[in-house]
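# Need a 3D model of the following:
(chains A and B)
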Amino acid sequence: MKHPLYILLAALFFFSGCVSLNSLSLTSIPKNREKQVRIEKEKFIFLGFNFDNDFINTASEDLRRQCPNGKVTGLLTKDENINYFLYIFWKKRITATGFCVPMGDLAKGEKNRRGTASASEEPSEESELQ
Amino acid sequence: MKKIVFILLLFLMTNSCAQLYHVQLGEVISHPQFNSQPFDIKVSEVGVSLEDTSRILEATNNKDAAQATEIIGLFQLGPRTGNPVYTKNYAKNLQKMLYERCPSGRITGLMSVRESRKYPVISGEIVKITGYCLVPKGI
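Just a heads-up that it's a prediction; the model follows:
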C-alpha cells in the first residue's frame, strides 16, 4: 500500500509544473483572420544559470518568414516562466500568435476605409507602406 | 588546486547572469518591393543592488554600514524589474534613436526587450529594441 502512495506523491512532485505569466501584449486584430502564424521560443534554465537571452532574437524573423508578402498583425505575445521543480529546473517561454494578412487584402481594406474602392480597380500593395 | 579554485571563482564573478523581464513584438510587414534592413538599439544603465552590498558589508564585519545600507534599501521598496538605477531618463531617447536608424519611418518587426545582466553588487539594466527598416528596392 505504501509503495503506490510514494510513487503517486513523487509523480505529483515531479510532474506538476507551475506557470507564471510575466508579461502580455496585443496588437490590433485584423478582419481577415484566415491564416494564423505562431512562434514559440523557449530556454531551459538550470539553477538560474542563464548567460544570455539570445533565444528570442530570431522571433521577428521567424514571423516574417511565415508571412511572406503580408502583414502579421493581431499579435499576442506571452512571456511565461514554467517551473518544473523548486525553480531548480525551469523554462522561459515566449509565445507569439497572430494573423497573416496578405498585402492585397490590406490594400483593399485601406481603400474601403477611405471610401474610394471600386469594383474595377485593382488593389495597390503600396497603400499600406506609403 | 588553488589555481582551479581561482579560475572557477573568476568564471563565477565575471560571468553575468541574464534575466529577461519583458518582451513585446510588434506587427511584421514583408513586402516584395522593399528590402528589410535589420537594426538594433540598446540603452543601458548601471543598477546597484543594496541587498548584495549589505551582505558583503556584513561579511566584512562592517555591521553599521550594512545596517545603513538596509535602511536606504527601505526607500527603494516597491514593484520593479531589476535593480534600481540612479538616472531616470536613460531610456528617454529611444524613439528619437529609432527614427535616426530608420529616417523613412517604415519600421516593422519591432521587438522591445527589457532585460538585465547581473554581476556581484552591480547590474546592467538594459532596454533593447530590434526591428527592420523597409527600404525600397534599388536604392
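
# And what about residue B:111, helix, strand or coil?
Assigned by DSSP: H, G, I helix; E, B strand; the rest coil, the conformation of residue B:111 is strand.

# quick one: it and residue B:127 touch, right?
No: counting by C-beta atoms under 8 Å, residue B:111 does not reach residue B:127; the two are 11.6 Å apart. The C-beta positions use only the backbone N, C-alpha and C, and glycine is treated the same way.

# the more surrounded of the two?
residue B:111 (24 against 18; other C-beta atoms under 10 Å in any protein chain shown).

# Which strand residues bridge the more buried one?
Under the criterion DSSP bridges, residue B:111 forms beta bridges with residue B:25, residue B:130.

# how about the strands of chain B, start to end?
Using DSSP state E, the strands of chain B run over B:17-25, B:28-30, B:34-48, B:107-118, B:122-136.

# right, so those: which one is the most enclosed?
Of all the strands of chain B, strand B:28-30 has the most neighbours on average by mean count of other C-beta atoms under 10 Å in any protein chain shown, namely a mean of 26.

# For chain A, list the residues in contact with chain B, please.
When proximity is defined by C-beta under 8 Å from any C-beta of the partner chain, chain A lies next to chain B at A:22-23, A:25, A:27, A:48-53, A:56-57, A:59-61, A:63-64, A:67-73, A:75, A:77, A:79, A:92, A:94, A:96, A:103, A:125-126, A:128-129.

# repeat that for 6 Å
Within reach of chain B by C-beta under 6 Å from any C-beta of the partner chain, chain A has these residues: A:23, A:25, A:27, A:50-53, A:56, A:60, A:63-64, A:68-69, A:71-73, A:75, A:77, A:79, A:94, A:96.

# where's stretch B:111-127 relative to the chain centroid, distance-wise?
Stretch B:111-127 sits 3 Å away from the centroid of its parent chain (C-alpha atoms, centre = their mean, to the nearest Å).

# And that stretch, end to end?
Taking C-alpha to C-alpha, to the nearest Å, the first and last residues of stretch B:111-127 lie 11 Å apart.

# Quick one: mean pLDDT over that stretch.
Averaged over stretch B:111-127, pLDDT sits at 94.

# for the residue minimising distance to the centre of chain A, which residues make a bridge with it?
Centre of chain A computed as the mean C-alpha position; nearest residue by C-alpha atoms, centre = their mean is residue A:96, 0.8 Å away. Note on residue A:96: beta-bridge partners residue A:39, residue A:77, judged by DSSP bridges.

# so who does it touch?
By C-beta atoms under 6 Å, 6 or more residues apart in numbering or on different chains, the contact set of residue A:96 is A:39, A:75, A:77, B:25.

# Could I get the contacting residues of residue B:30?
Taking C-beta under 6 Å, 6+ apart, one finds A:64, A:68 in contact with residue B:30.

# For beta bridges, what are the partners of it?
With DSSP bridges as the rule, residue B:30 is bridged to residue A:70.

# For the residue nearest to residue B:81 when sequence neighbours are not counted, give me the pLDDT.
Spatially, and ignoring its direct neighbours in sequence, residue B:81 is nearest to residue B:21 (4.0 Å; C-beta to C-beta, 6 or more residues apart in numbering or on different chains). In this model, residue B:21 is scored at 94, pLDDT.

# cool, and residue A:82?
So residue A:82 comes in at 91 (pLDDT).

# so it bridges to which residues?
residue A:19, residue A:91.

# Just want the most central residue of chain B.
Closest-to-mean residue, chain B, C-alpha atoms, centre = their mean: residue B:126 / 1.5 Å.

# Check the gap between that one and residue B:20 for me.
Distance from residue B:126 to residue B:20, counting by C-beta to C-beta, to the nearest Å: 10 Å.

# Between these two, which contacts overlap?
residue B:115.

# Fine by me, we can end here.
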